[in-house]
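Undergrad: After the sequence you'll find the predicted model.
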Amino acid sequence: MVNQTYTADVLVVGGGTGGTAAAIQAARRGAKTILVSEFSWLGGMLTSAGVSAPDGNELEAFQTGLWGAFLQELRQRQPGGLDNSWVSFFSYDPRIGAEIFANWVQELPNLHWISGKVPIEVYRQSDSITGVRFADFAVTAKIILDGTELGDLLALAEIPYRWGWELQSEWGEPSAPVNFNSFTKTYPVQAPTYVVIMQDFGDAMSTTGVGAAPEIPAAPNYNPSEFTGAWDSYGAETFLNYGRLPGGRFMINWPICGNDYGQGLGRLIESDVSRGEFIQESRWHSQNFAHFIQNQLGRRYGLAEKVFPHTSTAFALHPYYRESRRLVGLTTVREQDILPIAEGRVASLFNDAFALQPFGHPTAGVCEAIAVGNYANDHHYPGVQFSLQPKSIRWGGRWTGTPFTIPYNSLIPATTDGFLVCEKNISVSHIANGATRLQPVVMGIGQAAGMAAAMCVELNCQPRHLPIRALQTALLADNRSKTAIIPLFNLPPNRSDWLHWQLYYLNNPQAYPDSGYCPCPSENEYPDSAFDKALIRESNCFKGIFSRLDRQEYRFAVTAPAAYQGQNWQLVTLRSHIDEQLSAYPHEQLVTLWGRYNHFGNWLLVEHLNGG
């Protein structure tokens, strides 16, 4: 029964990574916004799903928008810093991430957050979505955003969506299958993971004969052979440090004979009951993996205490979903759109699509980009190695991914008004979803969707009629969290010419360089940069011998300080001018570096360097 009906400019349903970003951005723009979340934490993949070691958008030039602001807050709030694991440059206590999002929401008087509710019905007038009903209230709004983990509003509103694979014949994607087969039937989407956090309780066994950690019981369907060999290629210590968090905790999100779960994936969208069954099974699967880890590595390791805000505090609030229902939108992101240009190091911009401008007039050649990503195309199918076209590149002494952009029209339904998507549910192929699904990309999508929704209210227009250039300019010029929408390796946001080059390539997308580098860097700005000085202040000074093992592969034999003397580290950087210096530095020379040592990745993250 509906006891109350709220009215808003913008309604965001779902408090995941994209939905949270969308609601915050819409409210900061001035729209009266309501955010309804299923869970008591906001942030989705970054917090309530437990994946607090995010991937992608790690380069300094891509740390912009709400994603960049989130990282800055984490650096200030996380004791001991973010250099805790080897899978990510940013690993943190998920409670701190949830606290950041809650604080951002609470500081906005025009943003009303309601938690613990799921959508039941969508209201529609003709071809326009007008409201959403929940168990005991409803919300009507001018623009409604689907920020749910599995695209639930798409189904409730009967908006066309995709689920499963597309064949190569549909879009000519090089990695797509030619025919459907048993594999595509078994895994219609990528497998989720129910993250569990384990903890190092110390080695009490050696002195007391009793394990320090409480015993982890096996859950139903325990079969140790499913996990046998999980870390054989890495070693137990390296395995644990993959997703190491502060405070002696470990994020268990392991794809090799680990806790990815893909049994009966179709149940996720069949019914509430079948979804609940899948979720319970995936959680048991992670409990069994934790049980296996404890049995193999000892009672030093147990389930973490007091992490997530429910009874079983070591288990995330919900699974980490890698794929959801995917909108049928005005533009669809395909595998070709995320792969590098021939002989280049970046993907092409969306500059050849037709974008609907004011009053519905199509204009050819408008650049649609509204968000940036750079992660490799990563697919998860338990027990199966699926071959994909490579998009990884070496940069800064390490592997990263080809930068690509997300087009605005992939957020807009082909035939429905009053509605935007802002999560993994954008209009994207199953193949390309492996790169567009990552936390920083989805956060950028959410920020753009929230800005678009607020601007549609201001201009009294539908999302398909919002001038894309106005949206792009608003994102670039946002006074709280300006965000890059053209990926350029050597254009960090603290540069004085940052806005100039972003606008230049929006106006001249045909001039976008295949290398991903601006032609006119202003390197003399760096020594005077407050951002640069702050990074150096947080760093430590090291001296040693620099060695170039290969192009973009560097080692560092430490000579000072004495505590590290004789150690040999990998050198990596997230900063373009440091990357250029490392690329040109003489082999086997003494060098003085300022940076942060990551013991668990055995690398030095270089922020500044001088000659010997």
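TA: Cool, the structure landed. Residues are numbered from 1 along each chain as shown.
Undergrad: Pick out the residue nearest the middle of this protein.
TA: In the chain, the C-alpha nearest the mean C-alpha coordinate belongs to Gln439, at 1.3 Å (C-alpha atoms, centre = their mean).
Undergrad: gap between the closest residue to it other than its chain neighbours and Met45?
TA: With sequence-adjacent residues excluded and distances taken as C-beta to C-beta, 6 or more residues apart in numbering, Gln439 is closest to Pro54, at 4.1 Å. All C-beta spots, glycine's among them, are computed from the backbone N, C-alpha and C. The gap separating Pro54 from Met45 is 7 Å, by C-beta to C-beta, to the nearest Å.
Undergrad: Contacts only, for Ile129.
TA: Each residue near Ile129 by C-beta atoms under 8 Å, 6 or more residues apart in numbering is listed here: 122-123, 144, 157, 159, 416-419.
Undergrad: Over to it. Which of the three states is it?
TA: Three-state assignment for Ile129 (DSSP: H, G, I helix; E, B strand; the rest coil): strand.
Undergrad: Could I get the pLDDT score of it?
TA: Predicted confidence (pLDDT) for Ile129: 98.
Undergrad: what do you get for the one 3 residues further on?
TA: Turning to Val132, the model gives it a pLDDT of 98.
Undergrad: among the helices and strands of the protein, which one scores worst on average pLDDT?
TA: Ranked by mean pLDDT, DSSP states H and E, the weakest helix or strand in the chain is strand 354-356, scoring a mean of 42.
Undergrad: Strands of the stretch 151-300 of the chain, start to end?
TA: Ranges of strands within the stretch 151-300 of the chain are 161-162, 196-200, 244-245, 249-252, based on DSSP state E, counting those that start in this stretch.
Undergrad: ditto for the stretch 301-450 of the chain
TA: 301-303, 326-327, 354-356, 362-364, 369-373, 392-395, 398-401, 404-407, 419-421.
Undergrad: Tabulate those in JSON lines, adding columns for mean neighbour count and distance to Asn610.
TA: Formatted as JSON lines, these follow (neighbours: other C-beta atoms under 10 Å; distance: least, C-beta to C-beta, whole Å):
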{"stretch": "strand 301-303", "mean neighbour count": "22", "distance to Asn610": "42"}
{"stretch": "strand 326-327", "mean neighbour count": "28", "distance to Asn610": "49"}
{"stretch": "strand 354-356", "mean neighbour count": "19", "distance to Asn610": "48"}
{"stretch": "strand 362-364", "mean neighbour count": "11", "distance to Asn610": "50"}
{"stretch": "strand 369-373", "mean neighbour count": "27", "distance to Asn610": "32"}
{"stretch": "strand 392-395", "mean neighbour count": "17", "distance to Asn610": "22"}
{"stretch": "strand 398-401", "mean neighbour count": "20", "distance to Asn610": "22"}
{"stretch": "strand 404-407", "mean neighbour count": "28", "distance to Asn610": "35"}
{"stretch": "strand 419-421", "mean neighbour count": "30", "distance to Asn610": "48"}
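Undergrad: For those strands, give me TSV that also has distance to Pro174.
TA: Converted to TSV, the strands of the stretch 301-450 of the chain look like this (distance: least, C-beta to C-beta, whole Å):
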stretch	distance to Pro174
strand 301-303	42
strand 326-327	19
strand 354-356	25
strand 362-364	26
strand 369-373	19
strand 392-395	15
strand 398-401	17
strand 404-407	15
strand 419-421	26
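Undergrad: of all those, which lies closest to Arg551?
TA: strand 392-395 (7.2 Å; C-beta to C-beta).
Undergrad: hmm, who's touching that closest one?
TA: Residues from elsewhere that reach strand 392-395 (C-beta under 8 Å, 6+ apart): 59, 340, 345, 376, 399-402, 489, 551-553, 579.
Undergrad: Select only the buried ones of the residues you listed in PyMOL?
TA: Buried residues within the contacts of strand 392-395, by 16 or more other C-beta atoms under 10 Å, are selected in PyMOL with:
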select buried, resi 59+340+345+376+400+401+402+489+552+579
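Undergrad: can I get the contacts of strand 392-395 in a markdown table with distance to Asp9?
TA: Below are the contacts of strand 392-395 laid out as a markdown table (distance: C-beta to C-beta, whole Å):
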| residue | distance to Asp9 |
| --- | --- |
| Leu59 | 35 |
| Pro340 | 40 |
| Arg345 | 41 |
| Ala376 | 38 |
| Trp399 | 43 |
| Thr400 | 38 |
| Gly401 | 36 |
| Thr402 | 37 |
| Phe489 | 38 |
| Arg551 | 52 |
| Gln552 | 48 |
| Glu553 | 52 |
| Asp579 | 43 |
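Undergrad: between the contacts of strand 392-395, which is nearest Asp478?
TA: Minimum distance to Asp478 across the contacts of strand 392-395 is 20.3 Å, recorded for Leu59 (C-beta to C-beta).
Undergrad: and the closest one, what does it touch?
TA: So Leu59 contacts 374, 395-396, 400, 489, 574, 576 (C-beta under 8 Å, 6+ apart).
Undergrad: Quick one: end-to-end distance for stretch 44-61.
TA: 24 Å (C-alpha to C-alpha, to the nearest Å).
Undergrad: Next: stretch 47-56.
TA: 16 Å.
Undergrad: got it, and stretch 313-325?
TA: First-to-last distance for stretch 313-325 - C-alpha to C-alpha - comes to 29 Å.
Undergrad: How confident was the prediction at Gln385?
TA: According to the prediction, Gln385 has pLDDT 88.
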